[in-house]
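1. need a structure here:
(one chain, ligands or ions: 5)
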Amino acid sequence: MEKLTFILVSFLAIASISRSAAQILYLGVIPINSLLADTVGVTQINCYIQNIASGQNEDTYEIAEASITNNSSTRFVALDMNDTPLTEGPDPTSDVIGRAQGLFGLDDLYTIGFFIDMNIYFPSGPYSGSTIHIVGRDSPFLSHRELSVTGGTEYFRLAKGFATLSTFFGNNSTINAIIQLNITVFRPILL
Ligand SMILES: *[C@@H]1O[C@H](CO)[C@@H](O)[C@H](O)[C@H]1NC(C)=O
Ligand SMILES: *[C@@H]1O[C@H](CO)[C@@H](O)[C@H](O)[C@H]1NC(C)=O
Ligand SMILES: *[C@@H]1O[C@H](CO)[C@@H](O)[C@H](O)[C@H]1NC(C)=O
Ligand SMILES: *[C@@H]1O[C@H](CO)[C@@H](O)[C@H](O)[C@H]1NC(C)=O
Ligand SMILES: *[C@@H]1O[C@H](CO)[C@@H](O)[C@H](O)[C@H]1NC(C)=O
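-> Residues are numbered from 1 along each chain as shown. Ligands and ions are numbered 1, 2, ... in the order given. Predicted structure coming up:
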């Protein structure tokens with residue numbers, strides 16, 4: 001029954017974003033892929049996170065910690081908030097295309113691991129005023145990490161997708177880092 005409800009809801013969701021009522025009528029015979037091709041847009045955004053956690057122009061601050069944090073080699077349960085520029089290239093002076101704004105917490109007792117919950121915000125440019133919401137786990141010392149795109153607003157309304165990260169430059173003493181961020185977003189084209 002649950003499965004049936006899911007299929008029905010999926011059907012309604014797809015039907016409601018399809019190009020015309022005619023497609024809804026013929027859903028039974030139209031291959032699902034061709035229907036989705038008409039109604040789903042893909043956006044690829046490749047950029048670099050310029051994270052400055054100490055020194056001049058700091059964009060990340062710790063906002064809370066617990067009694068265990070100072071005793072923990074992984075700074076367990078420290079919570080930070082940031083507003084970090086996203087640049088087109090790895091050079092910090094290259095064009096800023098957006099900002100990563102939100103929360104990250106150290107949520108691993110045994111290795112350095114972040115829980116990330118952020119908005120990728122575009123103050124200007126082709127996606128001006130829109131956001132992409134990214135959530136997930138980041139182990140900063142792994143060469144490749146992946147986060148979920150769980151939603152978005154305006155241009156990215158109802159978005160789904162994923163974001164991959166890899167560290168281009170990191171300094172263990174300042175904790176400043178330049179991180180390559182690629183975001184793949186699928187979004188329904190609401191006709
Ligand atoms: C952790 O250590 C720092 C620096 O010594 C101190 O300012 C802070 O209050 C300590 N935090 C806790 C929760 O004890
Ligand atoms: C932190 O470590 C100090 C020194 O080893 C110890 O006295 C204290 O109880 C520890 N605090 C916590 C919250 O584990
Ligand atoms: C981002 O995309 C570029 C171009 O396709 C690729 O070379 C790079 O490895 C990707 N990086 C990540 C972290 O996905
Ligand atoms: C890391 O930061 C420290 C402190 O500012 C600096 O002395 C050191 O040269 C930096 N290392 C790298 C690889 O940039
Ligand atoms: C920074 O710290 C990580 C984790 O401890 C380690 O794997 C890495 O080699 C360090 N990098 C440098 C340049 O010391």
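2. only C-alpha atoms for contact and neighbour calcs from this point on.
-> OK.
3. please report the distance of Pro140 from ligand 4.
-> From Pro140 over to ligand 4 the distance is 16 Å, taken as Cα to the nearest ligand atom, to the nearest Å.
4. check Leu86 too.
-> 20 Å.
5. residue boundaries of the strands in this protein?
-> Counting by DSSP state E, residue ranges of the strands within the chain are 40-51, 60-64, 79-87, 96-106, 114-121, 131-138, 145-153, 160-170, 177-188.
6. how far out from the middle of the chain is stretch 115-132?
-> What separates the centre of stretch 115-132 from the centre of its chain is 9 Å, taken as Cα atoms, centre = their mean, to the nearest Å.
7. in this protein, where is pLDDT below threshold?
-> Per-residue confidence for the chain (pLDDT under 70) gives these ranges: 1-38, 190-191.
8. get me the contact residues on it for ligand 3.
-> 164-166, 180-182 (Cα under 6 Å from any ligand atom).
9. kindly reformat those residues as a markdown table containing neighbour count and distance to Ala53.
-> Below are these laid out as a markdown table (neighbours: other Cα atoms under 10 Å; distance: Cα to Cα, whole Å):
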| residue | neighbour count | distance to Ala53 |
| --- | --- | --- |
| Thr164 | 17 | 21 |
| Leu165 | 22 | 18 |
| Ser166 | 20 | 18 |
| Gln180 | 22 | 17 |
| Leu181 | 20 | 18 |
| Asn182 | 17 | 21 |
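10. hmm, which two among the residues you listed are most spread apart?
-> Ser166 and Asn182 (9.1 Å; Cα to Cα).
11. quick one: residues contacting the spatially most central residue of the chain.
-> When Cα atoms, centre = their mean is applied to the chain, the residue found nearest the centroid is Ile134 (2.7 Å). Contacts for Ile134 (Cα atoms under 8 Å, 6 or more residues apart in numbering) come out as 116-120, 147-151, 162-163.
12. what about 7 Å?
-> The neighbourhood of Ile134, defined by Cα atoms under 7 Å, 6 or more residues apart in numbering, consists of 117-119, 147-150.
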